[in-house]
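S.K.: any chance you could fold what I've pasted below:
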Amino acid sequence: MSDRQTNSTVTILHNAVIVTVDPDGRVFRNGAVVIEHDSIRAVGQSSAILHQFSAKAHQLLDLNGQIILPGFINTHVHTSQQLARGIADDVDLMTWLHERIWPYESNMTEEDSYISTLLCGIELIHSGVTCFAEAGGQHVSGMARAVELLGIRACLAESIMDSGDGLPTTWAARSTDDCIQSQKELYKKHHNTGDGRIRVWLGIRQIMNATDGLLLATRDIAKELKTGIHMHVAEIAYENQFVTDTRKVNHGTVTHLEQIDFLHNNLLAAHTVWVNDSEIDCLSRAEVKVSHCPAAAMRMLGFAPIREMIGAGICVSLGTDGAPSNNRMSLVDEMYLASLINKGREVYTNGTTDPTALPSETVLKMATINGAKSALWDNEIGSLEVGKKADLVVINPSTWTMIPLHDCISSLVYSMRTENIVSVMCNGKWIMQDKKILNVDEEHVISMAKQASAEIVKRAGIKIPDRMNFV
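M.R.: Numbering: from 1, shown residues only. You can find the predicted model right below:
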């Protein structure tokens with residue numbers, strides 16, 4: 001795709017395989033999509049589209065059989081942790097949290113968060129992501145500035161905690177009222193900015209760092225503002241034990257959240273690994289959305305009952321988590337891992353294999369339309385349909401990683417690599433073409449990231465031990 005973006009108002013992408021992920025699951029073998037301003041005006045067979053719209057087009061791009069998909073939606077990512085990639089590999093969870101991540105995050109400035117989000121955003125775009133749900137960081141204004149510049153779409157949230165042991169001094173001093181007021185101010189400042197690409201959600205870091213007062217106030221303010229809540233839920237077994245001991249319930253986090261009426265359809269529950277059948281039913285009845293992060297789960301958390309959740313009608317999407325708990329911010333990798341891990345889990349739970357578990361079409365929906373539903377944005381994104389925003393990805397399958405293409409859909413999940421993604425459009429504008437990020441200088445961001453990350457680690461006093469004999 002050598003044509004560069006112009007100020008045209010009508011663009012036609014044609015001669016492409018178009019995977020719409022619409023309610024009918026339509027795939028056009030030789031399709032075209034018409035983009036007017038920031039939205040999709042038409043999608044269908046190339047011949048019909050060209051006949052009707054070619055005279056009106058300001059830009060006509062022949063994709064020569066490449067594949068067009070809806071933009072991927074990463075529903076759990078800590079953009080502010082990108083500069084911490086590699087500081088907490090192969091350590092136990094308490095060391096990870098108390099000696100690496102909290103000291104790192106508490107020593108970040110707003111400028112650090114801006115640089116970190118830029119760096120993370122570059123990796124997200126290269127992997128086909130057009131929208132992400134921020135899991136919670138300290139400087140939302142820095143994130144928002146980066147998102148606006150990158151041209152990507154985001155649901156941003158502050159990392160909110162009003163209790164718990166071992167918190168950095170500045171965090172421990174925050175009251176419940178301060179936590180709520182801070183988020184209301186961020187909502188007023190940033191919600192619906194960036195040409196409508198930025199939304200502000202409310203955040204709860206986790207139940208072990210949240211009083212019931214904070215949980216209930218967050219629920220009520222989110223309802224008032226008509227926005228979402230992003231929360232880590234049932235990550236580790238200890239969390240359930242903590243909740244059982246301190247909240248006096250018979251199981252854990254989801255049970256308690258159900259009892260205090262916190263579970264609603266605007267809650268995005270990240271990880272949700274340690275839940276039982278009764279709690280899965282609670283999540284389903286409340287229409288809670290779940291973000292499954294396969295790599296991070298395997299690294300630190302455990303096997304989430306994804307097949308059971310999907311079977312119960314829960315909307316499950318995909319996330320990468322943050323760089324210190326995954327290292328790779330590629331939703332392409334997460335699609336591959338999601339299918340394989342959940343096939344393997346069948347052996348773990350039932351003693352026998354089931355290669356049909358989480359088939360490729362299900363995983364593709366998790367990365368697209370389910371992501372949109374999880375982000376409460378499915379009326380505008382997540383599928384290629386008339387009237388929706390023009391968020392899309394162009395994939396070149398004609399490489400050694402994907403050829404031969406016997407099964408287009410399975411190949412997108414099992415064979416595609418990040419390298420196959422060549423162009424990305426968000427809100428009707430190209431933000432990457434021919435693998436080049438258009439709105440920021442990648443090399444400059446990388447240079448800034450190197451300097452900022454080293455300074456944060458130094459300020460935080462984090463010591464990374466040598467693993468081998470460096471000379």
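
S.K.: what's the first-to-last distance across stretch 148-161?
M.R.: End-to-end distance for stretch 148-161: 27 Å, by CA to CA, to the nearest Å.

S.K.: mind listing the helices in the stretch 301-450 of the chain by residue range?
M.R.: For the stretch 301-450 of the chain, helices defined by DSSP state H, counting those that start in this stretch occupy the ranges 306-311, 323-326, 331-350, 360-367, 369-374, 408-414, 442-460.

S.K.: can I get these in a markdown table including distance to Ser182?
M.R.: All C-beta spots, glycine's among them, are computed from the backbone N, C-alpha and C. A markdown table is the format used below for the helices of the stretch 301-450 of the chain (distance: least, CB to CB, whole Å):
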| stretch | distance to Ser182 |
| --- | --- |
| helix 306-311 | 32 |
| helix 323-326 | 24 |
| helix 331-350 | 30 |
| helix 360-367 | 32 |
| helix 369-374 | 24 |
| helix 408-414 | 40 |
| helix 442-460 | 22 |
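
S.K.: make a markdown table out of those helices and add mean neighbour count.
M.R.: Compiled in a markdown table, the helices of the stretch 301-450 of the chain are given as follows (neighbours: other CB atoms under 10 Å):
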| stretch | mean neighbour count |
| --- | --- |
| helix 306-311 | 18 |
| helix 323-326 | 25 |
| helix 331-350 | 19 |
| helix 360-367 | 23 |
| helix 369-374 | 27 |
| helix 408-414 | 19 |
| helix 442-460 | 15 |
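
S.K.: distance to His271 and mean pLDDT added to those helices, as a markdown table?
M.R.: Shown next, in a markdown table, are the helices of the stretch 301-450 of the chain (distance: least, CB to CB, whole Å; pLDDT from 0 to 100):
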| stretch | distance to His271 | mean pLDDT |
| --- | --- | --- |
| helix 306-311 | 11 | 97 |
| helix 323-326 | 10 | 95 |
| helix 331-350 | 13 | 92 |
| helix 360-367 | 15 | 98 |
| helix 369-374 | 13 | 98 |
| helix 408-414 | 21 | 98 |
| helix 442-460 | 25 | 97 |
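
S.K.: nearest to Lys388, out of these?
M.R.: Nearest of the helices of the stretch 301-450 of the chain to Lys388, taken as CB to CB: helix 369-374 at 9.1 Å.

S.K.: the helices of the stretch 301-450 of the chain: which one's closest to Ile49?
M.R.: Of all the helices of the stretch 301-450 of the chain, it is helix 408-414 that lies closest to Ile49, at 19.8 Å by CB to CB.

S.K.: which residues are in contact with the closest one?
M.R.: 17, 19, 27, 67, 69, 335-336, 339, 360-361, 363-364, 395, 397, 402, 405 (CB atoms under 8 Å, 6 or more residues apart in numbering).

S.K.: same question for stretch 236-247.
M.R.: Stretch 236-247 is contacted by residues 93, 206-208, 212, 234, 249-253, 255-256, 273-274, 300-302 when judged by CB under 8 Å, 6+ apart.

S.K.: can you tell which of the helices of the stretch 301-450 of the chain is closest to Ala135?
M.R.: helix 323-326 (10.3 Å).

S.K.: follow-up on the earlier one: buried among the contacts of stretch 236-247? Need that as a selection in PyMOL.
M.R.: In PyMOL, selecting the buried portion of those, with burial taken from 16 or more other CB atoms under 10 Å, looks like this:
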select buried, resi 206+207+208+234+249+251+252+253+255+256+273+274+300+301
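
S.K.: which neighbouring elements make contact with the lowest-mean-pLDDT helix or strand in the chain?
M.R.: Lowest by mean pLDDT, DSSP states H and E among the helices and strands of the chain is helix 93-94, with a mean of 78. Helices and strands touching helix 93-94, as assessed by 3 or more CB pairs under 8 Å, 6 or more residues apart in numbering; DSSP states H and E, are absent.

S.K.: pLDDT score for Pro168?
M.R.: Note for Pro168: predicted pLDDT of 89.

S.K.: torsion angles phi and psi at it?
M.R.: Per-residue torsions, Pro168: phi -60, psi 150 (degrees, to the nearest 10).

S.K.: is it in contact with Ile101, as I believe?
M.R.: No - the criterion here is CB atoms under 8 Å, and Pro168 misses it with Ile101 at 10.5 Å.

S.K.: higher neighbour count, these two?
M.R.: Ile101 (21 against 16; other CB atoms under 10 Å).

S.K.: and for Phe72, the neighbour number?
M.R.: Phe72, neighbours per other CB under 10 Å, totals 29.

S.K.: OK, contacts around it?
M.R.: Shown in contact with Phe72 (CB under 8 Å, 6+ apart): Ser127, Gly128, Val129, Thr130, Leu331, Val332, Ala367, Thr368, Gly371, Val393.

S.K.: can you redo those as a markdown table with distance to Tyr187?
M.R.: Listed next are the contacts of Phe72 as a markdown table, based on distance: CB to CB, whole Å:
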| residue | distance to Tyr187 |
| --- | --- |
| Ser127 | 29 |
| Gly128 | 29 |
| Val129 | 23 |
| Thr130 | 22 |
| Leu331 | 27 |
| Val332 | 32 |
| Ala367 | 28 |
| Thr368 | 27 |
| Gly371 | 22 |
| Val393 | 30 |
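
S.K.: nearest to Ser47 among the residues you listed?
M.R.: Using CB to CB, these come closest to Ser47 at Val393, 23.6 Å.

S.K.: surely that closest one touches Ile421?
M.R.: Yes - assessed by CB under 8 Å, Val393 is found in contact with Ile421 at 5.9 Å.

S.K.: what's the overlap in contacts for those two?
M.R.: Contacts common to Val393 and Ile421, judged by CB under 8 Å, 6+ apart, are Gly128.

S.K.: skipping adjacent residues, who's closest to the residue most central in space within the chain in space?
M.R.: Against the mean C-alpha coordinate of the chain, by CA atoms, centre = their mean, the closest residue is Asn74 at 1.9 Å. Among residues not flanking Asn74 along the chain, Phe132 sits closest, at 4.3 Å (CB to CB, 6 or more residues apart in numbering).

S.K.: helix, strand, or coil at the one you found?
M.R.: Secondary structure for Phe132, judged by DSSP: H, G, I helix; E, B strand; the rest coil, is strand.

S.K.: helices of the stretch 101-250 of the chain, start to end?
M.R.: Using DSSP H, counting those that start in this stretch, helices in the stretch 101-250 of the chain cover 102-106, 110-126, 140-150, 169-172, 176-190, 212-225, 237-247.
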